[in-house]
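Q: Output the structure for:
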Amino acid sequence: MSDQSRVAEFLRIHHSSQGLNAAEIEAISAAGTLREYATGEQALKAGESVPAISLIISGLFTLSVSDNSQKAFGFLGPNDQIGTLSVVQHEISAVSVVATEPSLVIEIAVDAAKELMSQNKVFARNLLSNASANMTQNAIDGGRSHRSRRVAFVHIRSTTLPIAKKIQGRLCSLGERVGRIVNEQVDRENNKLAHCPTLVLDESNSGDAETVIRNQLADWAELDRIAFDIDFQHLELSADFLRGLLSFPERVYLIVEPETAASIIPTIQGVLADQPEWSKKLNLIWVLDQNHDVAPHLPELATLCKRVFKIKIAAANEPFFQRTSVPGIERVVHDLRGLRIGLALGGGAARGMSHLGVLKAFDESGVVIDGIAGTSVGAMMGVAYCCGYSPDDGIKRFTKALTPKGIFKLLGDKMFMLYKYRTHSWDAMLRPHFFDWKLEQLLVPLTTIAADLVSAEEFVRESGDAVTGILESINLGGISVPICRDGMALVDGGYLNNVPADTLVRQGADFVISVDVTTSIEKQLGKNTPDTPTEKMKAPRISQVLSRIREVTQKNLSVMGAAHADFSIAPGVGHIDFADFKSTPSTAQIGYDAAMEVMPQLLKKLNCLDPELFPLTDSNRISSVADIQLN
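A: Predicted coordinates:
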């Protein structure tokens with residue numbers, strides 16, 4: 001094959017060739033040459049002129065304002081291009097572009113590129129529309145929301161194939177045109193995938209699979225998504241084979257079960273030893289059956305991947321929403337659609353039981369959360385939800401565990417809470433529900449917030465024992481001694497960050513919802529109200545003053561934290577005493593009512609981010625998510 005023919009073959013894969021006829025592709029190919037970039041090789045340097053436009057065929061490049069690729073603000077991958085805007089604006093490059101993995105591009109010298117764009121308006125429009133959209137996205141969120149067009153699902157066993165099919169079926173239900181490349185017998189049942197164009201790799205074409213795939217990608221240039229769905233159960237999962245597969249897609253999902261996960265670690269390590277940057281495109285999906293409440297603790301595998309997802313396959317009578325495949329699949333779909341929704345649950349003691357009602361409203365409305373950050377009681381409610389307990393189940397568990405018993409029925413709620421702190425009995429209460437599970441094992445990613453009195457900074461916990469995360473975050477200073485470890489003295493996170501919306505923003509959330517349970521505090525201290533005449537005011541007890549100072553501080557810290565949120569929910573729980581956990585059912589109902597009242601506004605905001613994922617009609621939203629179970 002001649003060099004020009006190879007350029008033409010690769011050009012047909014690139015987005016810039018859409019709408020071009022064979023003669024136009026031939027003319028552009030004549031001006032182009034193929035160039036391979038090694039990992040770390042620089043394609044452009046900030047402050048220098050652009051020698052050529054580069055159409056990226058495969059690989060990944062980082063964008064930075066200097067030569068330091070560690071300070072990258074965005075990424076460029078297949079179907080993107082390098083240098084187009086600088087060329088048309090007659091400017092020197094404002095950014096440095098460095099290959100972070102072996103990459104292949106088609107280079108077209110500046111003069112030739114200008115001539116081609118002036119002669120071929122379709123080619124020019126393709127280049128400019130893609131370049132401007134990509135730069136806008138990188139400027140807004142550093143490329144986090146990039147929708148990868150070529151994705152791969154890698155199966156260790158055939159038993160996980162239905163999961164990938166549900167994900168692809170969900171994409172089809174959102175209106176995406178999906179092409180599939182598979183190596184297993186195509187299921188032609190009456191489902192959404194039955195109408196997808198499909199290439200089956202078998203004995204007839206496996207000898208030159210790379211050419212077959214490349215030609216198919218060119219023929220599918222008009223499709224929205226190409227899904228490689230590869231089953232390795234009857235093949236040898238070698239490092240070489242996997243290395244070849246990883247060169248095509250922009251994003252890879254390795255789908256594993258607890259029984260098979262450990263065996264593939266050496267293979268993945270072998271691939272990443274040669275190309276460590278490929279870990280940025282590699283994601284992990286755990287498929288968990290009814291014998292596994294949470295994912296196994298296997299950090300050796302998780303650290304090799306960019307993100308980790310968990311999908312729960314439950315028994316037919318399983319009552320927990322989190323313990324079905326629906327939310328797990330939807331989180332993968334969110335990732336594919338370039339969206340990450342974060343939920344910040346604020347502190348507020350018994351008032352935080354309203355979080356359970358808010359979570360119930362989300363479940364009923366089909367709003368799937370991709371990650372939670374919680375402070376104090378928000379951390380406790382977050383752990384309960386993220387490990388799979390339904391909000392209704394959480395209401396029952398916490399009401400039973402936190403209602404005063406025995407002598408404390410007479411002594412009251414506050415004495416009961418004081419007893420639990422002074423006797424360090426929180427661990428004994430929480431451990432039977434959360435066992436020794438670690439945060440990274442939970443079905444939904446969770447972050448807990450505590451305050452370190454040594455450094456006077458917040459402590460953000462994303463891994464480690466889940467119960468420990470709760471204990472650190474709810475540890476009331478002055479009532480209980482600080483938890484001292486690793487040079488820190490940890491107390492309740494509400495002293496520094498009561499509604500941790502900013503934590504989720506730093507973690508990459510595109511849309512953050514906050515739940516603040518301290519906004520609507522009553523305007524009263526003791527028996528004093530704003531209408532009490534001076535002569536009738538009575539000095540409050542010192543305990544009331546200290547409690548009020550904490551309440552006022554939390555309110556103001558909550559306002560500061562919620563400022564980072566895109567949408568806020570503030571249940572009217574100001575009248576509920578901080579220690580009144582026995583009223584959890586009614587408190588949760590207040591949270592549910594508050595969330596359902598603003599749900600139409602929330603869905604409107606989410607609709608602006610992705611109209612297909614979040615249709616404006618509530619019934620359409622709920623049915624579309626539930627449809628995952630049927631495909």
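Q: Residue 312: neighbouring residues, count only.
A: 26 (other Cβ atoms under 10 Å). (C-beta placed from N, C-alpha, C; glycine too.)
Q: That one touches residue 386, doesn't it?
A: No. Counting by Cβ atoms under 8 Å, residue 312 does not reach residue 386; the two are 11.9 Å apart.
Q: all helices for the stretch 101-250 of the chain, in order.
A: For the stretch 101-250 of the chain, the helices defined by DSSP state H, counting those that start in this stretch cover 110-119, 121-141, 161-173, 209-219, 239-246.
Q: is it possible to export these to CSV including distance to residue 356?
A: Listed next are these as CSV, based on distance: least, Cβ to Cβ, whole Å:
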stretch, distance to residue 356
helix 110-119, 58
helix 121-141, 31
helix 161-173, 28
helix 209-219, 48
helix 239-246, 42
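Q: Could you single out the most deeply buried of these?
A: Highest mean neighbour count of the helices of the stretch 101-250 of the chain: helix 161-173, a mean of 22 (counted as mean count of other Cβ atoms under 10 Å).
Q: what residues does that one touch?
A: Residues from elsewhere that reach helix 161-173, judged by Cβ atoms under 8 Å, 6 or more residues apart in numbering: 153, 155, 178, 180, 184, 187, 191-193, 195-196, 225, 227, 229, 231, 253, 255, 285, 287, 311, 325, 329-330, 332-333, 336, 624, 627-628, 631.
Q: PyMOL command to pick out the buried ones of those residues?
A: With 16 or more other Cβ atoms under 10 Å as the criterion, this PyMOL line picks the buried residues out of these:
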select buried, resi 153+155+178+180+184+191+192+193+196+225+227+229+231+253+255+285+287+311+325+329+330+332+333+336+624+628+631
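Q: Inside strands: which ones of the contacts of helix 161-173?
A: If you go by DSSP state E, the contacts of helix 161-173 have 153, 155, 178, 180, 225, 227, 229, 231, 253, 255, 285, 287, 311 in strands.
Q: Identify, from these, the entry nearest to residue 129.
A: Residue 129 lies nearest to residue 225 out of these, by Cβ to Cβ, at 18.7 Å.
Q: Now that closest one: closest residue in space that isn't a chain neighbour?
A: Take residue 225 and drop its neighbours on the chain: the residue closest to it by Cβ to Cβ, 6 or more residues apart in numbering is residue 178, 4.8 Å away.
Q: Next up, the contacts around that neighbour.
A: Residues counted as contacts of residue 178 (Cβ under 8 Å, 6+ apart) are 168, 171-172, 193, 196, 223-227.
Q: now, which of those residues sits nearest residue 39?
A: Among the contacts of residue 178, and counting by Cβ to Cβ, the member closest to residue 39 is residue 226, at 24.3 Å.
Q: Go ahead and confirm the closest one touches residue 220.
A: Yes. Using Cβ under 8 Å, residue 226 is in contact with residue 220, at 6.1 Å.
Q: what residues are shared contacts of these two?
A: Taking Cβ under 8 Å, 6+ apart as the contact rule, the neighbours common to residue 226 and residue 220 are residue 179.
Q: Kind regards, and thank you for your time.
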